[in-house]
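Student: Using only what follows, build the 3D model:
(one chain, ligands or ions: 1)
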Amino acid sequence: MLSAKTIEIVKSTAPILEMRGKEITTTFYRNLFVKHPELLNIFNHANQEKGRQQTALANTVTAAAHYIDKLEVLLPVVKQIAHKHRSLAIKPEHYPIVGENLLEAIKEVLGEAATDEIIGAWAEAYGAIADVFIAVEKEMYEEVQEAAGGWADYKDFIVMDKVRESENITSIVLKPADGQALPEFKPGQYMTIRMTIPGEQYLMNRQYSLTCSPNREYYRISVKKELLESSPDGKVSNYLHTQLKVGDRLEVTAPAGDFTLNVMESEPVYFIAGGVGITPFMSMLHTLSERNPERKAVLKHAVKNEQVQPFKEEIKQLAQRLSNFEALFYMSDDKRKMTSEDLQGLDPSGIYYVCGPAGFMNFAVSSLRDAGISEDRIHHEFFGPAMQLEESK
Ligand code: HEM
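Tutor: Model (predicted):
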């Protein structure tokens, strides 16, 4: 339990830390990787190099400070982050390293203003927040390890197939190297793949949505080839597109994430996707077609043009198996861009899933809200650097 005094200090100094958040975060990462270069095997360093690394970690700690006396309200947000951490094999022993470097960064940036009393209070607060994460992640590790066919951390998989889905999206089919049966996953979940890329000093990892239905044999992911120069995901996605071969090995963590669909429910389901944001919906649609093919489902997919539109044939086949399904495509290059009108007049009793890049997400979610769809019926996952606690409340 934190003392009333600690809580008061943390709450009253949180706005100062937030104001200096960017400096603190930059200092934090710089020091962290100098002292612990091994962590570059875990963090997405392309993000750091481009100066667009997630301010999420430090921001979340300061944002969480506002709830320091009622951390339980943060549980839904903590769970989402904990899924990511579990998927990256983050362990309890990593927390003190992050805590120590965060406190040092606060001291370095605030200088004398950071008195011993203030730093002491923040050390306690960080400890309390970290304990919540560690406890939630412990349960998640137990769950994946105890599941039939489950495993903790990374396991070797072999590339069985590579299929070009469009000009810039390629699917990769993976099977476990030990030939064991795989655990079930939930449609909409993602997994981390880790690899050594020639010329790179550290291991690289990325998360990709599964695009097949849950099965005991294989996983399929579908990767967009990003621009090598301007995207932090360029190196990995180009490697996967151009160098990875059938028969190669990749390391994989068990599927994670809570952007999932319970296919057995009955309310109409609307999938609204921007570009490669269609990937989690492919798994949801396949699972629906196998387990509840009469459920009403609508897919609205915005893409640039037909060349980059993935899964054309596959969606046609899904339409034959789903008896109450409609798929609509919007192509911005052909002046058929998705507009807010396309998201009006939809069923308020439906459930909505939105996925895509940040700009698309803002557009789609606000259009749905304006069209009278209640907040608790809209689920969204944005593809790109992390969510912010304040925004996701
Ligand atoms: C209480 C402490 C922590 C908080 C509040 C926190 C918060 C966050 C948040 C908000 C994200 C973004 C989640 C998303 O993308 O949905 C994240 C991602 C991540 N966290 Fe944590 N985190 C903490 C501790 C740690 C520790 C101890 C490690 C490991 C050393 C770690 C490693 C990562 C990594 C590698 C990512 C993925 C993003 C990237 O590669 O840059 N975090 N964390």
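
Student: so what's the nearest residue to residue 252 once chain neighbours are set aside scoring on pLDDT?
Tutor: Among residues not flanking residue 252 along the chain, residue 157 sits closest, at 4.7 Å (CB to CB, 6 or more residues apart in numbering). All C-beta spots, glycine's among them, are computed from the backbone N, C-alpha and C. With respect to pLDDT, residue 157 has a value of 98.

Student: Now do the same contact list for residue 157.
Tutor: 174, 175, 176, 177, 193, 219, 249, 250, 251, 252 (CB atoms under 8 Å, 6 or more residues apart in numbering).

Student: now residue 251
Tutor: Counting by CB under 8 Å, 6+ apart, residue 251 has contacts 154, 155, 156, 157, 193, 194, 195.

Student: Near the last one, how many residues? Count them for me, please.
Tutor: One way to gauge burial is a neighbour count; for residue 195, by other CB atoms under 10 Å, it gives 18.

Student: about what we covered before: among the contacts of residue 157, the buried ones, what's the ChimeraX command?
Tutor: Buried subset of the contacts of residue 157, written as a ChimeraX selection, criterion 16 or more other CB atoms under 10 Å:
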select :174,175,176,193,219,250,251,252
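
Student: Tell me the one among the contacts of residue 157 nearest to the ligand.
Tutor: residue 193 (13.5 Å; CB to the nearest ligand atom).

Student: Check whether the host helix or strand of that closest one comes near the ligand.
Tutor: According to DSSP states H and E, residue 193 maps onto strand 190-195. No. With CB under 6 Å from any ligand atom as the criterion, the ligand is not reached by strand 190-195; the gap is at least 9.4 Å.

Student: hmm, back to that, would you mind giving the contacts of residue 157 as CSV with pLDDT and secondary structure added?
Tutor: CSV is the format used below for these (pLDDT from 0 to 100; DSSP: H, G, I helix; E, B strand; the rest coil):
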residue, pLDDT, secondary structure
174, 98, strand
175, 98, strand
176, 98, strand
177, 98, coil
193, 97, strand
219, 98, strand
249, 98, strand
250, 98, strand
251, 98, strand
252, 98, strand
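
Student: near the ligand, which residues of the chain?
Tutor: Applying CB under 6 Å from any ligand atom, we find that the chain lies next to the ligand at 39, 42-44, 47, 53-54, 56-57, 60-61, 80-81, 84-85, 88, 90, 94-95, 98, 129-130, 133, 386-387.

Student: about what we covered before: closest one of the contacts of residue 251 to the ligand?
Tutor: Taking CB to the nearest ligand atom as the measure, the ligand lies nearest residue 194 of the contacts of residue 251, at 11.6 Å.

Student: per-domain residue ranges of the chain.
Tutor: 4-146, 154-253, 269-392 (automatic domain parsing).

Student: how about TSV for these, with distance to residue 263 added?
Tutor: Shown next, in TSV, are the domains of the chain (distance: least, CB to CB, whole Å):
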stretch	distance to residue 263
domain 4-146	20
domain 154-253	7
domain 269-392	5
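
Student: closest one to residue 261 among those?
Tutor: Among those, the nearest to residue 261 by CB to CB is domain 269-392 (4.5 Å).

Student: Name every strand pairing with the helix or strand following the strand holding residue 193 and say which way it goes.
Tutor: Next helix or strand after strand 190-195 toward the C-terminus (DSSP H and E): strand 204-209. Each strand paired with strand 204-209, and its direction, by DSSP bridges: strand 190-195 (antiparallel).

Student: Quick check: closest non-adjacent residue to residue 129.
Tutor: Excluding the flanking residues, the one nearest residue 129 by CB to CB, 6+ apart is residue 64, at 5.0 Å.

Student: re the thing from before, alpha carbons of the one helix or strand the residue nearest to residue 252 maps to, in PDB - could you do that?
Tutor: In this structure, residue 157 is located in strand 154-164 according to DSSP H and E. Only the C-alpha atoms of strand 154-164 are listed here, as PDB (Å, rounded to 0.1, in the frame of the first residue of the first chain):
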ATOM      1  CA  TYR A 154       9.800 -18.400 -28.400                       C
ATOM      2  CA  LYS A 155       9.400 -21.600 -30.300                       C
ATOM      3  CA  ASP A 156      11.000 -22.600 -33.700                       C
ATOM      4  CA  PHE A 157       8.700 -22.600 -36.700                       C
ATOM      5  CA  ILE A 158       9.400 -23.500 -40.300                       C
ATOM      6  CA  VAL A 159       8.200 -21.500 -43.300                       C
ATOM      7  CA  MET A 160       5.900 -23.900 -45.300                       C
ATOM      8  CA  ASP A 161       4.700 -21.500 -47.900                       C
ATOM      9  CA  LYS A 162       4.700 -17.900 -49.100                       C
ATOM     10  CA  VAL A 163       1.700 -16.600 -51.100                       C
ATOM     11  CA  ARG A 164       1.500 -13.200 -52.800                       C
END
